[in-house]
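Enquirer: have a look; sequence and predicted model below, questions after that.
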Amino acid sequence: MTTALPRQTRPLPESGTSAETASRVDSLTGMRFLAAFAVFVHHFTGLSAYGGVAHAPLLFPYSRLGATGVDFFFVLSGFLLTWGHRPGTRARHFYWRRFGRIWPAHLVATVPCIWVFYLWGGVPTDVLSFVASLFLVQTWLPGVTPVFPGNGVAWTLSVEVFFYLLFPFAIRYVLRLRTRTLVPLAVGGLVAMWALNWWTATHLSPFASEWIMRHPVTRLPEFGVGMACALALRRGHRLRLNPSVLFACFAAYAVIHSNRASLLGPYAAGQLTWALRSVAALFAVLFIAAYVQRELTGHRGWLCSRPMVLLGLWSYAFYLLHQTLNRLIIDTWGRPQPENSAVFMLLGVGVTVIALSWAMFTYVEEPARKWCARRTPRKWSSCVDPR
């Protein structure tokens, strides 16, 4: 079963960390930057007063929820690939476009990591782990050194690559499912992810539990819920969702989750911890659905503004570069004492990463994408798949 894209959507130039789409919803492009910036804030402020680049008590512990930006990216990837899918697209054409979009920028961003992390920083690694990170299969393998080898943040790309490999085949099956079947399956996947996190945390070592929860297979429910949302909207289903209400609900959840140890008993606090990824994915899909529906009906807000769209286009490079600069700052100047003035330092570093991201997008990411697009074999470009 196939469906046409809604008429209100607009043409999209290829862009984004995980989007091969025939149309772009500008608000989602803007949201991509917010998710990348949330991850940056999380890494900058760290997991404790003695982690990160500079600890700001004003932001902590709420800044730790910035890690859920990667959950948003996984959901968004499933959504955008499904939203822009054209039946009959050949798998090899899809893979070639994904390669051109993802790998060249990843390779270039890894180069400074060699110096910052391994030559100057002295982080231990081995050849197998580093090569695995170059080819984005590091999360597939146990025992890599360090836990996040190569460009550490690229572990999420390793998860994305696994999903990209599956997508041309998964979409054929998913398109055959009715929405009333697809949505419960997707939500059930999130419940299963929460249950698996609970089980691994209570039965395995923290190292083993975290490796399992970063493995691409365990993150498939996040892509799945994005795919289900895209198909539901393409088929004309709508939900009454108010972004302001969603923000209020997420803020309330952030307060409860960040203070769970003092507000709740040990069992409830543990459940909140183990359900975080699933809850983050649920909020992500609700925000995506809310803004897509608004934009399809002609409502354009600040997320659709040109500055936000540009920041969204640069967000992949921003994500790839930010932790390298963070590490360079730590190794050069050390960590200052925890104080709220660190917020100004955070903003300054953020602006610097944005400037570097613009350069990466302009001189590496876009030229590489266009180069690959020009060299796509003509027989791959056909949308007619004889199989």
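Expert: Cool, got the structure.
Enquirer: which residues belonging to the helix ranked longest in the chain are considered buried?
Expert: Longest among the helix segments of the chain by residue count, using DSSP state H, is helix 179-203. For helix 179-203, burial by neighbour count (16 or more other Cβ atoms under 10 Å) applies to 182-183, 186-187, 189-190, 193-194, 196-198, 200-201. Yep, even glycine has a C-beta here, placed from its N, CA and C like the rest.
Enquirer: and the next helix or strand after that helix, how far out from the chain middle?
Expert: From helix 179-203 onward toward the C-terminus, using DSSP states H and E, the following helix or strand is helix 206-214. Taking Cα atoms, centre = their mean, to the nearest Å, one finds helix 206-214 lying 18 Å from the centre of the chain it belongs to.
Enquirer: same question, stretch 53-62
Expert: That offset, for stretch 53-62, works out to 22 Å (Cα atoms, centre = their mean).
Enquirer: same question, stretch 265-283
Expert: For stretch 265-283, the distance to the chain centre is 19 Å (Cα atoms, centre = their mean).
Enquirer: same check, this time on stretch 352-372
Expert: Centroid separation for stretch 352-372 versus its chain: 18 Å, with Cα atoms, centre = their mean.
Enquirer: how long is it end to end?
Expert: One end of stretch 352-372 sits 29 Å from the other (Cα to Cα, to the nearest Å).
Enquirer: in that stretch, what counts as buried?
Expert: 353-354, 356-358, 360-361, 364-366, 368-369, 372.
Enquirer: those residues in helices, which ones?
Expert: The members of those that map onto helices under DSSP H are 353-354, 356-358, 360, 366, 368-369, 372.
Enquirer: from Ala36, how far out is the residue nearest the centre of the chain?
Expert: Nearest residue to the geometric centre of the chain (Cα atoms, centre = their mean): Phe73, 2.4 Å. Per Cβ to Cβ, to the nearest Å, Phe73 is found 8 Å from Ala36.
Enquirer: and Ser205, by the same measure?
Expert: With Cβ to Cβ as the criterion, Ser205 and Ala36 are 31 Å apart.
Enquirer: when the two are compared, which one has more neighbours?
Expert: Set Ser205 next to Ala36 and count neighbours by other Cβ atoms under 10 Å: Ala36 wins out with 29 against 10.
Enquirer: got a list of what Val41 touches?
Expert: Val41 makes contacts with 59, 63, 66, 346, as judged by Cβ atoms under 8 Å, 6 or more residues apart in numbering.
Enquirer: sticking with it, tell me its helix or strand.
Expert: Assigned by DSSP H and E, Val41 falls in helix 26-45.
Enquirer: could you pull up the mean pLDDT of that helix?
Expert: For helix 26-45, mean pLDDT rounds to 96.
Enquirer: and for stretch 372-387?
Expert: Averaged across stretch 372-387, pLDDT comes to 63.
Enquirer: so where do the strands sit in the protein?
Expert: Using DSSP state E, the strands of the chain run over 10-11, 23-24.
Enquirer: mean pLDDT lowest where, among those?
Expert: Among the strands of the chain, strand 10-11 carries the lowest mean pLDDT (a mean of 36).
Enquirer: need the buried residues of helix 179-203 in TSV (columns: distance to Asp26 and pLDDT).
Expert: Formatted as TSV, these follow (distance: Cβ to Cβ, whole Å; pLDDT from 0 to 100):
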residue	distance to Asp26	pLDDT
Leu182	26	95
Val183	26	94
Ala186	25	96
Val187	28	95
Gly189	29	97
Leu190	27	97
Met193	30	97
Trp194	32	97
Leu196	35	97
Asn197	34	97
Trp198	38	97
Thr200	39	97
Ala201	39	95
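Enquirer: hang on, the earlier thing: what are the contacting residues of the longest helix of the chain?
Expert: 174, 177, 208-209, 212-213, 218-222, 224-225, 227-229, 231-232, 235, 237, 270-271, 273-275, 277-278, 281-282.
Enquirer: just the buried ones from these?
Expert: Among the contacts of helix 179-203, those buried by neighbour count (16+ other Cβ under 10 Å) are 174, 209, 212-213, 218-222, 224-225, 227-229, 231-232, 270-271, 274-275, 277-278, 281-282.
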